[in-house]
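Enquirer: Here is a sequence with its predicted model. Questions after.
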Amino acid sequence: MKKELPEILAPAGGKEQLKAAVRCGANAVYLGTGDFNARRNAENFSGGALFEAVKYCHSFGVKVYVALNTLVFDKECPALYKTVADIAKSGADAVIVQDFAAIKAVKDVCPSLHLHASTQMAVHNLEGALLLSSLGFSRVVLAREMSLEEIKAVAKNTSLETEVFVHGAHCMSVSGNCYISAMFGERSGNRGKCAQVCRLDWKSSCRNAALSLKDMSYLDSLGELKDAGVSSFKIEGRMKRPEYVAAAVESAKKALSGERYDKELLKSVFSRSGFTDGYLKGKRTADMFGFRQKEDVVAASPVLPSLAFLYKDEVPRFPLDASLSLKRGEESALSLSFEGHAKTVFGEMPQEPQKKPLEYEIAEKSIKKLGGTPFYLADFKFCNCDSLTMPMSALNALRRDGVNALIEEYTKRGVAVNDVSPQELPPHKSASHKMRARLEKFSHYSDCFSDFEYISLPVGEILKNKKGISDLAPKIIAELPELLYPGETDALRSQLLEIKALGIFDAAVGNLGTLYLARELGFTLHGGHRLNITNSLSLISYEKLGLSSATLSFEMSIDSINALSGSIPRGYISYGFLPLMLFRVCPQKGENGCGGCNGIQALKDRKNIDFTLLCRGRKYSCLLNSVPLYLGDKKSFDTDFEILYFTKETPRECAETVMRIKKKAPLPGAKTSGIYYRTLI
């Protein structure tokens, strides 16, 4: 059963941001620890700092979700398990994960720890949520590119809590599908080191800053999101200042309660040419684009100091009942209680008064000194039948001891933590090494592919070429769309049933939703590179979910690939103009819409280099690298297959490339060996 929320979930990149979030009334915070979070450059909380942060938040009734949302390599898995153990011991309420290795670590180390699916898992349909539910997740952070109606279609039909970003930065790329930082700067956004290449000077024919979106702000729509069934309203910003956190939380609180908030103030604190709600409203237009201008920076300077008052002091949240008892021959006793929690502490022996006994008013004044704590005094009882007294210093110490003991009592979390490490398995040894091809168009196919194990084609291409494909059916893999939003599932299901009737029973899946759908329809499943598989635990987990083979992430090094264990056949992309980013708002689309576009356009980077933009049926588009990956003249990796990934090539170019690879010949012109021979930060 879903909890009665929604909550306001605030970012806490460091201690000051954490205080700002709690003091301004956030219901929950999310933060990072160690090296496995998507904001590794933030202050974050490691070791004792994490324990203190959780205790502090819990003392005010604020939940803590720890981001564990990066891709992991095999050599990092022991450290991952230790991090999960530390998180569980800290008493944190949940972990936010992307990698299936993190899921396995949580289930091994602390099965009772709640799992939240990061937006990096790219869940943008009901089928993805249903799969997560079957894996034991309690919450899904929905992809940021969804409209209100799409959010509602998921939130209303799943038992999972749903979390939605409502304010903060917008990534240009679809969640979990950006590889541009890794390719250009060896700093992977999927590993928490995004270099924000998209914020540089990219140009399309209709705009500069063609890969930079305005920050989102959905605060005016919180009521609609609540009615849609959203459980948590998330504010982006673990790299931002405490003033930003304070202003955003304060504004969200007011918006949720129906009060007016200062939009101009919020804009001044931080924005990129203002805000957008284009995705939420389903209006993916040119108005969504923006960048941080000099005017935006200047506007923040006079505003930030004035916001410090919002989080200057602790704001008491809980009514406290107190009872003080002084009896001759017994220690002084203070009993404190609130909301079913109670604690009694003992102090100095009361004394006979030299002048007058301790009076009710004086005692009450001391007990009321609860500043800096989560409490305010609601009721005070004082028993001093023997007319005794005690020093004020002793009474103050008794109050402090009592409050600390009460906080300790209700913040402690008793969880079982297993002392385990990831199982060490021998590296996978391939029986043979085969060739596969992914083709954008059926027209790319020729006899040069006749000895390939499989040929992957988009679903639409298969259905356009039913007659020509009939003879190839046993070796055809139907490539499902990279994106599948609510409202598109029924059409795709019909298409897949039609494909099965052609004798094609294999499907390539790149997200959890299409995996769920294709498995439901009985297809043999092949995992695509967009599943972001980078370690053995993920390979084994996906095999249990039904994959018969998996294409590894091209953010892996050759050493990491060769070290992988598990039995599932695995492969890598050895040729292709690699997809760098996936867009649901078109950087090329001008004021005249899509008129005149043939589905292939170009973007220019700041060095005036052309990058191809491929349109997928006016639903989304993909940015390809400017030069192809080519490993045809290098020794094959220790995998079961490699994939030639054809996109914008002509049929002749496809055939020539295959011939070169078969001859181990070099490729003329500019090319790249990708990240395989480099090391990602």
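Expert: That came through fine. Numbers count the residues shown, from 1 in each chain.
Enquirer: residue ranges for the strands of the stretch 401-550 of the chain, please.
Expert: 434-438, 454-458, 476-479, 506-509, 524-527, 547-551 (DSSP state E, counting those that start in this stretch).
Enquirer: what pairs with the fourth one, and is each one parallel or antiparallel?
Expert: Strand pairing for strand 506-509, determined by DSSP bridges: strand 476-479 (parallel), strand 524-527 (parallel).
Enquirer: Need the contact partners of the first one.
Expert: Spelled out, it's strand 476-479. 438, 454-459, 462, 469, 496, 499, 504, 506-508, 523, 526, 528 (C-beta atoms under 8 Å, 6 or more residues apart in numbering). To be clear about C-beta, it is placed using only N, CA and C from the backbone, and glycine gets the same treatment.
Enquirer: Mind putting the strands paired with strand 506-509 into JSON lines with distance to Gly669?
Expert: Listed next are the strands paired with strand 506-509 as JSON lines, based on distance: least, C-beta to C-beta, whole Å:
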{"stretch": "strand 476-479", "distance to Gly669": "27"}
{"stretch": "strand 524-527", "distance to Gly669": "31"}
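Enquirer: now those strands as TSV including mean pLDDT?
Expert: What follows is the strands paired with strand 506-509, written out as TSV (pLDDT from 0 to 100):
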stretch	mean pLDDT
strand 476-479	98
strand 524-527	98
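Enquirer: Minimum distance to Ile609: which of those strands has it?
Expert: Across the strands paired with strand 506-509, Ile609 has its closest neighbour in strand 476-479 (28.1 Å, C-beta to C-beta).
Enquirer: where's that closest one relative to the chain centroid, distance-wise?
Expert: Relative to its chain's centre, strand 476-479 lies at 29 Å (C-alpha atoms, centre = their mean, to the nearest Å).
Enquirer: swap in stretch 445-455?
Expert: The answer for stretch 445-455 is 38 Å, by C-alpha atoms, centre = their mean.
Enquirer: Same check on stretch 65-72?
Expert: 8 Å.
Enquirer: which residues touch Cys597?
Expert: 588-589, 615.
Enquirer: quick one: Ser335 is in a helix?
Expert: No - read with DSSP: H, G, I helix; E, B strand; the rest coil, Ser335 is strand and lies in no helix.
Enquirer: and Asn177, what does it touch?
Expert: 122, 482, 530, 579, 581-582.
Enquirer: name the helices or strands packed onto the helix or strand of the chain with the lowest mean pLDDT?
Expert: Ranking every helix and strand in the chain by mean pLDDT, DSSP states H and E puts helix 294-300 at the bottom, with a mean of 77. Applying 3 or more C-beta pairs under 8 Å, 6 or more residues apart in numbering; DSSP states H and E, one finds that helix 294-300 makes contact with helix 263-269.
Enquirer: mean confidence for the helix or strand following the helix it packs on?
Expert: The first helix or strand that comes after helix 263-269 along the chain, using DSSP states H and E, is strand 275-276. The pLDDT scores in strand 275-276 average 96.
Enquirer: Show me what the helix or strand following strand 275-276 packs onto, helices and strands only.
Expert: Scanning forward in sequence from strand 275-276 by DSSP H and E, the next helix or strand is helix 278-281. Other helices and strands packing on helix 278-281, by 3+ C-beta pairs under 8 Å, 6+ apart, are helix 148-155.
Enquirer: Who are the packing partners of the helix it packs on?
Expert: helix 126-134, strand 161-168, helix 222-227, helix 278-281.
Enquirer: ok, how many other residues are close to the nearest residue to Arg584 once chain neighbours are set aside?
Expert: Once flanking residues are discounted, Arg584 sits nearest to Glu145: 4.3 Å by C-beta to C-beta, 6 or more residues apart in numbering. Residues lying near Glu145 (other C-beta atoms under 10 Å) number 25.
Enquirer: In three-state terms, how would Glu145 be classified?
Expert: Glu145 - assigned by three-state DSSP - is coil.
Enquirer: related to what we said a few turns ago, can you say which of the strands of the stretch 401-550 of the chain is nearest to Thr158?
Expert: strand 506-509 (19.6 Å).
Enquirer: what does that closest one rub up against?
Expert: Taking C-beta under 8 Å, 6+ apart as the rule, strand 506-509 contacts 438, 454, 456, 476-480, 496, 514-515, 518, 523-528, 531.
Enquirer: buried subset of those residues?
Expert: 438, 454, 456, 476-480, 496, 514-515, 518, 523, 525-528, 531 (16 or more other C-beta atoms under 10 Å).
Enquirer: who touches the most centrally placed residue in the chain in this structure?
Expert: Among the residues of the chain, the one closest to the centroid is Ser118, at 3.1 Å (C-alpha atoms, centre = their mean). By C-beta under 8 Å, 6+ apart, Ser118 lies in contact with 38, 67, 69, 96-98, 141, 176.
Enquirer: what's the answer for Tyr542, then?
Expert: Contacts of Tyr542 by C-beta under 8 Å, 6+ apart are 100, 527, 531, 533, 550, 568.
Enquirer: from those residues, which is closest to Ala333?
Expert: Among the contacts of Tyr542, and counting by C-beta to C-beta, the member closest to Ala333 is Phe100, at 53.4 Å.
Enquirer: Now the closest residue to Val420 other than its chain neighbours: phi and psi?
Expert: Counting by C-beta to C-beta, 6+ apart, Asp108 is the residue found nearest to Val420 once chain neighbours are left out, at 5.2 Å. Main-chain torsions, Asp108, degrees, to the nearest 10: phi -80, psi -40.
Enquirer: Tell me the spacing between Ala342 and Ile407.
Expert: Between Ala342 and Ile407 the distance is 13 Å, computed by C-beta to C-beta, to the nearest Å.
Enquirer: Please say which of those two ends up with more neighbours.
Expert: Neighbour tally, Ala342 and Ile407, criterion other C-beta under 10 Å: the higher count belongs to Ile407, 21 against 14.
Enquirer: contacting residues for the more buried one?
Expert: Neighbours of Ile407 in contact, by C-beta under 8 Å, 6+ apart: 55, 59, 373-374.
Enquirer: Which members of those residues are the farthest-apart pair?
Expert: Top of the distance list for the contacts of Ile407 (C-beta to C-beta): Lys55 and Thr373, 12.8 Å.
Enquirer: the more surrounded of those two?
Expert: The neighbour count for Lys55 versus Thr373, taken as other C-beta under 10 Å, is higher for Thr373 (20 against 17).
Enquirer: Does the more buried one touch Pro316 like I think?
Expert: Yes - Thr373 is in contact with Pro316 according to C-beta atoms under 8 Å; the separation is 6.8 Å.
Enquirer: What count of nearby residues applies to Pro481?
Expert: Neighbours of Pro481 (other C-beta under 10 Å): 21.
Enquirer: you'd agree it is up against Thr489?
Expert: No - checked against C-beta under 8 Å, the pair Pro481 and Thr489 is beyond contact range at 10.5 Å.
Enquirer: Just the contacts of Ile407: which are in helices?
Expert: 55, 59 (DSSP state H).
Enquirer: Now do Gly460 against Leu531, distance only.
Expert: Taken as C-beta to C-beta, the span from Gly460 to Leu531 is 21 Å.
Enquirer: Secondary structure class of Cys615, three-state.
Expert: Cys615 ends up strand, using three-state DSSP.
Enquirer: where does the protein have low pLDDT?
Expert: 1-5, 591-592, 595-596 (pLDDT under 70).
Enquirer: which residues are in contact with the helix or strand where Ala322 lies?
Expert: Secondary-structure element containing Ala322, defined by DSSP H and E: strand 318-325. Contacting residues not belonging to strand 318-325 are listed as 61, 332-339, 363, 367, 370, 374-384, 398, 402 [C-beta under 8 Å, 6+ apart].
Enquirer: just stretch 353-368 next, same as before
Expert: 322, 324, 326, 334, 350, 377, 380, 382, 384, 387-390, 392, 395-396, 399.
Enquirer: How far does it sit from its chain's centre?
Expert: The chain centre lies 54 Å from the centre of stretch 353-368; the measure is C-alpha atoms, centre = their mean.
Enquirer: Flag every buried residue along that stretch.
Expert: 357-358, 363, 366-367.
Enquirer: Then stretch 309-324?
Expert: 310-311, 314, 316-318, 320-324.
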